[in-house]
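>>> this is a predicted model, with the sequence first.
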Amino acid sequence: MYAFSALDNQDLEKLWNWSSHSLTIRSGKLLFSFNPKLCMSEISTMWEKTGIAGKFEKDNFRHNGDRASCKDGHTHTHTHTHTHTH
């Protein structure tokens, strides 16, 4: 039984603003499928914040985030400084 589902949302990137809203799921699971811009970290956070029992299994949500840039949730930048002397 699913308490919450999000299916085939082509532009879904963010699920919830956890700093200003809360959500408790007392029974049921989450279903996410074919949401290409939704990062796994968003689904994992919702799983954790809602109090769903059981272990979060990434394989259950693998058809999400394939068009998103969310590998590890961090942005990496590199700065190179070039000094020219004459």
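Nice, thanks for sending it over. The shown structure was predicted, so the numbers you read here are calculated from the model rather than taken from an experiment. Numbering: from 1, shown residues only.

>>> flag the shaky bits of this protein, pLDDT-wise.
Counting by pLDDT under 70, the chain contains low-confidence ranges at 71-86.

>>> 90 instead, please
1, 16, 53-55, 58-59, 62, 68-86 (pLDDT under 90).

>>> what ranges does it have for its strands?
Taking DSSP state E as the criterion, the chain contains strands spanning 2-7, 29-33.

>>> which of these sits most buried?
Highest mean neighbour count of the strands of the chain: strand 29-33, a mean of 18 (counted as mean count of other CB atoms under 10 Å). C-beta: built from backbone N, CA, C; applies to glycine.

>>> what's in contact with that strand?
1-8, 38, 43, 46-47, 50, 52, 54, 61, 63-64 (CB atoms under 8 Å, 6 or more residues apart in numbering).

>>> give me that answer again for 6 Å
Tyr2, Phe4, Ser5, Ala6, Leu7, Ile43, Phe61, His63, Asn64 (CB atoms under 6 Å, 6 or more residues apart in numbering).

>>> let me know the closest of those residues to Phe34.
His63 (5.3 Å; CB to CB).

>>> residues in contact with Phe34?
So Phe34 contacts Asp8, His63 (CB under 6 Å, 6+ apart).

>>> burial count for Asn35?
Asn35 has 25 neighbouring residues, counting by other CB atoms under 10 Å.

>>> my guess is it contacts Gly65, does it?
No. Taking contacts as CB atoms under 6 Å, Asn35 lies outside contact range of Gly65: 7.5 Å.

>>> could you measure from Gln10 over to Ser44?
For Gln10, the distance to Ser44 equals 21 Å [CB to CB, to the nearest Å].

>>> got the contact list for the residue nearest the centre of the chain?
Nearest to the mean C-alpha position of the chain, by CA atoms, centre = their mean, lies Glu42 at 2.2 Å. Listed by CB under 6 Å, 6+ apart, the contact set of Glu42 reads Leu15.

>>> please enumerate the helices of this protein.
Here the chain has its helices, by DSSP state H, at 40-50.
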